[in-house]
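J.: got a structure for you, letters missing:
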């Protein structure tokens, strides 16, 4: 089976390829942005710690030589002078020195003089880490204690160091280091995203042949599946036609010939007066002649209708008659009454009529054999737009969803799949004890239909 990717299929393949590339590009760009932002934040963290360590290595020893709890134990002007090179260069934006007593911290010095003398509770986790000798780096919290720092433009981290002053007091140095995570992220994204997008575009172009090849394979598989499903729905019809051909060419002529020979033998024997059990011979002749008549009737049923579109109502009536008299028929007292309505289907293509006939056959067989219905209504009518609708309604036992897909009962499944292949849809309605309605909606010209009516037996 050869499948070419052209026209609508090619357009759909390329559109899906482009859309998939766009989705991948958006996802990759988002992940890249998040990754760069995380990297920029980690880099800012490391930068703040490095700058704070540089300042601490220069001023921590002089700071520890002062007693911050003793009145007059340090000169504020001297501390400002020691820190001026770092503050003036922009390496740091603020410096605080505070003493700790229990869980209370009191600011004893800051380049922002308005905060000196303020006290507050020291976070226990921060206090424990500083007591262990760690250098703690964290973002400046948004709280009233940091109102002056939050009012400064840009972003910053605060870095803590622990030490003891000349009086043996627990003292902490807090340094505010400016960072710019946003600018770093934007710069990295501006550089990386075009490179990544160019790589994705090249990859998309390189994989277009692969997408077309996969589309060909998928279309070939779908065509094979459609053919298999159509064969499943039409297999019984083809088997009946083959049987009709065999009956027509072999069995019926042989039986008819045997009947003629028996009749000739009976006539000749009676003229000659031979003693023959004439009653048995007459009975055998009647049996053979009756079998020939029944086989000819069965042959007419097996051959089936000719062109269906010209008389769809008649073909459906013949279908009901076959179900009433054919193999596997239900008991006469259990046969439902069937009404058929056909209208608005003038000019229906033969392929659509054949599919409607086959679908109606499957649905009627279900109604006769499983529904235990008293009445069945078959309706075929033109639908909205260029569609045609078939509905089969019964007043039987109704729909049992738990039994809908029982092994061995695949007629409805085949109907749904073959109707879907033709571009239509199947709607199943019903409830236990309330009957069932199956509605099939098909385009007047089927989207895909592999089955054509088989030639009638000679």
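T.: Cool, the structure landed. Quick caveat: nothing in here was measured; it's all calculated off a predicted structure.
J.: residue ranges with poor pLDDT in the stretch 101-250 of the chain?
T.: 222-250 (pLDDT under 70).
J.: residue boundaries of the helices in it?
T.: 124-131, 147-150, 181-206, 208-246 (DSSP state H, counting those that start in this stretch).
J.: what angle do the longest helix seen in the chain and helix 181-206 make?
T.: Determined from DSSP state H, the single longest helix within the chain is helix 8-64. If you take axes from the mean of the first three to the mean of the last three Cα atoms, to 10 degrees, helix 8-64 sits at 150 degrees to helix 181-206.
J.: Tell me the buried residues in the following helix or strand past helix 8-64?
T.: On the C-terminal side of helix 8-64, the nearest following helix or strand under DSSP states H and E is helix 76-89. Burial within helix 76-89, assessed by neighbour count using 16 or more other Cβ atoms under 10 Å, is assigned to 79, 83, 86. Every C-beta, even on glycine, is put in place using the N, C-alpha and C of the backbone.
J.: okay, the angle between helix 76-89 and helix 8-64?
T.: 160 degrees.
J.: what does helix 76-89 contact?
T.: 55, 58-59, 62-63, 66, 92-95, 97, 109, 111 (Cβ atoms under 8 Å, 6 or more residues apart in numbering).
J.: ok, 6 Å please
T.: 55, 59, 62, 92, 95, 109, 111 (Cβ atoms under 6 Å, 6 or more residues apart in numbering).
J.: What of stretch 14-21?
T.: So stretch 14-21 is in contact with 204, 211, going by Cβ under 6 Å, 6+ apart.
J.: Tell me which residues of it come out buried.
T.: For stretch 14-21, by 16+ other Cβ under 10 Å, it's 17, 21.
J.: What of stretch 138-152?
T.: Those buried within stretch 138-152 under the rule 16+ other Cβ under 10 Å are 140, 146, 149.
J.: what's near enough to touch the first one?
T.: So that's residue 140. Neighbouring residues of residue 140 by Cβ under 6 Å, 6+ apart: 146, 149, 156, 158.
J.: and with 8 Å instead?
T.: For residue 140, the contacting residues are 146, 149-150, 156-158, 176, by Cβ under 8 Å, 6+ apart.
J.: Of the contacts of helix 76-89, select the buried ones using a PyMOL command.
T.: Per 16+ other Cβ under 10 Å, the buried members of these correspond to this PyMOL selection:
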select buried, resi 55+59+92+95+109+111
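J.: Using the three-state scheme, assign residue 92.
T.: Following DSSP: H, G, I helix; E, B strand; the rest coil, we place residue 92 in the coil state.
J.: Could you give the bridge partners of the nearest residue in space to residue 100 that is not next to it in sequence?
T.: Spatial nearest neighbour of residue 100, chain neighbours left out: residue 170 (4.3 Å); criterion: Cβ to Cβ, 6 or more residues apart in numbering. Judged by DSSP bridges, the bridge partners of residue 170 are residue 164.
J.: returning to that earlier point: closest one of the contacts of residue 140 to residue 435?
T.: Set against residue 435, the nearest of these by Cβ to Cβ is residue 150 (73.1 Å).
J.: measure the residue nearest to the closest one when sequence neighbours are not counted to residue 166 for me?
T.: Of all residues not flanking residue 150 in the chain, residue 142 sits nearest, at 6.1 Å (Cβ to Cβ, 6+ apart). To residue 166, residue 142 is 35 Å away according to Cβ to Cβ, to the nearest Å.
J.: Then residue 366?
T.: Relative to residue 166, and taking Cβ to Cβ, residue 366 is found at 100 Å.
J.: which one of these two has more residues nearby?
T.: A count of neighbours by other Cβ atoms under 10 Å puts residue 366 above the other of residue 366 and residue 166, at 19 against 16.
J.: before we move on, what SS does the more buried one have?
T.: Quick answer, by three-state DSSP: residue 366 is helix.
J.: That one against residue 412, yeah?
T.: Yes - the pair residue 366 / residue 412 is scored as a contact, 6.8 Å apart, by Cβ atoms under 8 Å.
J.: Please, which helix or strand holds residue 324?
T.: Assessed by DSSP H and E, residue 324 sits inside helix 312-325.
J.: Past that helix, which element shows up next along the chain?
T.: Following helix 312-325 in sequence, per DSSP H and E, is strand 337-343.
J.: chain center to that next one, what's the gap?
T.: 39 Å (Cα atoms, centre = their mean, to the nearest Å).
J.: neighbouring contacts of it?
T.: By Cβ under 8 Å, 6+ apart, the list of residues contacting strand 337-343 reads 312-313, 316-317, 320, 364, 374-382.
J.: for the record, mean pLDDT for that strand?
T.: Mean pLDDT, strand 337-343: 87.
J.: Stretch 441-450 now?
T.: Across stretch 441-450, the average pLDDT comes to 71.
J.: Where do the helices of the stretch 251-400 of the chain begin and end?
T.: Using DSSP H, counting those that start in this stretch, the helices of the stretch 251-400 of the chain run over residues 252-272, 278-303, 312-325, 350-370.
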